[in-house]
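1. Have a look; sequence and predicted model below, questions after that.
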Amino acid sequence: MTSGVTLVDHPLVQHKLTYMRDKQTPSWMFRRLLREISLLLAYEVLRDLHLTSKTIETPLAPMDAPVLEGRKLCFVSVLRAGQGLLEGMLDLVPSARVGHIGLYRDPDTLEPVEYYFKVPGHIDERPVVVVDPMLATANSLSAAIAKMKGAGAKDIRVATLLAAPEGIERLKERHPEVPIFTCAIDSHLNDHGYIVPGLGDAGDRMYGTK
Ligand code: PRP
Ligand code: URA
């Protein structure tokens, strides 16, 4: 495995991903599966969060018990499809802060077009997880990471469902220090920048648009 890339190959993730790829799977089930996978993905992405301790009293004795250190972490959803990963991750970490970056890919140039940006304050002190289910050319995630760096973020990681080898290489060239967590690395991109075999257009599959 390429350094800086973690493949989340848990059998439950792989099983659910197969049903997401299947073109017969309806939108409601696609969204549900993505939400379920996001819990397992977040578990891996957040494995290295730092702990400190606080003194509490159990019914039997005082103890120094572990709690997360520092400011609350921030999930940053790349709209639209990032919302599918975000919701499940918020179930796991309800106190997390949330940022949104609105980007869509121009179908001709495959370059991202930004239409929205809003992130919480003190972003330089928070672990930031940028979530987007698809890493294809990496143009969108590269732009999202650049925006987060511009906003001051220092500890950034990427959580994605499906990646193309070309996208991973490009993201590593542009942001070599940013760890990537993905549930699968597919074969290649087609001439329209779609991941093959992939699952199609994630936003369209989620919301029934075309
Ligand atoms: C999809 C996906 C990523 C992007 C990946 O979004 O959610 O953001 O494409 O492609 P890339 O790696 O080549 O940039 P899309 O632009 O279709 O927008 P949407 O989520 O609003 O449908
Ligand atoms: N965006 C998607 O939603 N799917 C792809 O395969 C590539 C980009």
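-> On my side now, so go ahead. Ligands and ions are numbered 1, 2, ... in the order given.
2. in the protein, which spans are strands?
-> Taking DSSP state E as the test, the strands found in the chain are 5-7, 51-57, 62-68, 74-79, 97-105, 112-118, 127-131, 134-135, 155-163, 180-185, 188-189, 195-196.
3. Could you list which residues are in contact with the residue nearest to Thr182 when sequence neighbours are not counted?
-> Computed as C-beta to C-beta, 6 or more residues apart in numbering, the closest residue to Thr182 that is not its neighbour in sequence is Ala163, at 4.4 Å. Where you see a C-beta, it was placed from the backbone N, CA and C, and this is true even at glycine. Taking C-beta atoms under 8 Å, 6 or more residues apart in numbering as the criterion, Ala163 is in contact with 135, 180, 182, 184-186, 195.
4. ok so, going back, any chance of the strands of the chain in a markdown table, plus distance to Ile145?
-> Below are the strands of the chain laid out as a markdown table (distance: least, C-beta to C-beta, whole Å):
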| stretch | distance to Ile145 |
| --- | --- |
| strand 5-7 | 15 |
| strand 51-57 | 26 |
| strand 62-68 | 23 |
| strand 74-79 | 9 |
| strand 97-105 | 10 |
| strand 112-118 | 11 |
| strand 127-131 | 6 |
| strand 134-135 | 11 |
| strand 155-163 | 6 |
| strand 180-185 | 10 |
| strand 188-189 | 19 |
| strand 195-196 | 19 |
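5. List only buried entries from the contacts of Ala163.
-> Among these, the ones that count as buried by 16 or more other C-beta atoms under 10 Å are 135, 180, 182, 184-186, 195.
6. Can you sort out which of those residues also neighbour ligand 1?
-> Restricting those to those near ligand 1 by C-beta under 6 Å from any ligand atom leaves Leu135.
7. As a markdown table, the buried ones among the contacts of Ala163 with pLDDT and distance to Glu36 would be great.
-> Formatted as a markdown table, those follow (pLDDT from 0 to 100; distance: C-beta to C-beta, whole Å):
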| residue | pLDDT | distance to Glu36 |
| --- | --- | --- |
| Leu135 | 98 | 20 |
| Ile180 | 98 | 21 |
| Thr182 | 98 | 16 |
| Ala184 | 98 | 15 |
| Ile185 | 98 | 21 |
| Asp186 | 98 | 20 |
| Ile195 | 98 | 21 |
